[in-house]
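> From the sequence below, what's the structure:
(one chain, ligands or ions: 1)
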Amino acid sequence: MGLILGSFSNVLIYRLPIDKKGILTGRSFCIFCKKKIRWFDNIPLISFLNLNGKCRSCKKKISPRYLFVELFSAISFVLLFIYLENYFEVIFYQIVLLIFLMIFFIDLKHFIIPDELNFTLIFLAIIHNFFSDFKFVFIEHFLQSIIGGLVGFSVIWLIIFLYDRIKNIEAMGLGDAKLMSALGFFFGWQSIPFILFFGSIFGLISAFPSLINKKKNLKTEIPFGPAIICASLLYFFKGELIISLLI
Ligand SMILES: [Zn+2]
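Just a heads-up that it's a prediction; the model follows:
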């Protein structure tokens, strides 16, 4: 199940940013030679290993991302299945994790975060915090979630607005603002300073090697989405610990 969901995530990572029509109907094809991939070459994990990570017809290398996403999805599904008793929650958290993963890779490559993913995340966050009792509790009161959603969006929007006015440059995208809003809805307003702070640090660290090589300068565009995703995972797993250490 995890492998199948991972395989579908790979399809979305490739198709969402470029072609929204054929997402569910189009057959899989090699992105280099455009040849259709036959079913026995399209089995998650096994086919990649069997083909040695190369297309059967043109022998071009298939991105290791396909293998990584499938493996990640399989492992996270099994872990959630062991940890949670409720099957609905297993599927729920698995989908949230996969959307994080999709945003990570899409933004990394295309510098955009599709609205479909951001809005789904906001929808799931609202379900999580307003209905029923999920295993993980992120907020004490639903107001924290609503304020989180508003603050998350406004903070990034304000940065965009001010940079546009003062320096006349586009500092960030609205996709980042919607993502921060989704995370605010999920984890409450308290998470926003943490995620912004560590997101900026992760962003800087990832750009650091190319800054030293002078391949990039301080004005080069870098995707912020992956850094925000990493920071929110850090918040989820070790947020309390880090905050108590800092304070
Ligand atoms: Zn090919």
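
> CA only for contacts and neighbour counts going forward, please
Noted.

> could you give the mean pLDDT of stretch 77-96?
The average pLDDT within stretch 77-96 is 94.

> first to last residue in it, what's the distance?
End-to-end distance for stretch 77-96: 11 Å, by Cα to Cα, to the nearest Å.

> Distance from that stretch to the middle of the chain?
Its chain's C-alpha centre and that of stretch 77-96 lie 18 Å apart, by Cα atoms, centre = their mean, to the nearest Å.

> can you check stretch 137-157 too?
19 Å.

> What of stretch 152-163?
On the basis of Cα atoms, centre = their mean, stretch 152-163 sits 20 Å off its chain's mean C-alpha point.

> Mind exporting the C-alpha coordinates of it to PDB?
Extracted C-alpha coordinates of stretch 152-163, given in PDB (Å, rounded to 0.1, in the frame of the first residue of the first chain):
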ATOM      1  CA  GLY A 152       1.300  32.100   8.600                       C
ATOM      2  CA  PHE A 153      -0.100  33.700   5.400                       C
ATOM      3  CA  SER A 154       0.300  37.300   6.600                       C
ATOM      4  CA  VAL A 155       3.900  37.000   7.600                       C
ATOM      5  CA  ILE A 156       5.100  35.900   4.200                       C
ATOM      6  CA  TRP A 157       2.700  38.200   2.400                       C
ATOM      7  CA  LEU A 158       4.200  41.100   4.400                       C
ATOM      8  CA  ILE A 159       7.700  40.100   3.400                       C
ATOM      9  CA  ILE A 160       6.600  40.000  -0.200                       C
ATOM     10  CA  PHE A 161       4.800  43.300   0.000                       C
ATOM     11  CA  LEU A 162       7.700  45.200   1.800                       C
ATOM     12  CA  TYR A 163      10.400  43.900  -0.500                       C
END
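
> Is P223 located within a strand, as I assumed?
No. Per DSSP: H, G, I helix; E, B strand; the rest coil, P223 lies outside any strand segment and is coil.

> That one touches I106, doesn't it?
No. If you go by Cα atoms under 8 Å, P223 and I106 don't touch, sitting 9.6 Å apart.

> What strand or helix carries the residue nearest the centre of the chain?
For the chain, the residue nearest the mean C-alpha position is F100 (2.5 Å; Cα atoms, centre = their mean). If you go by DSSP states H and E, F100 is part of helix 87-110.
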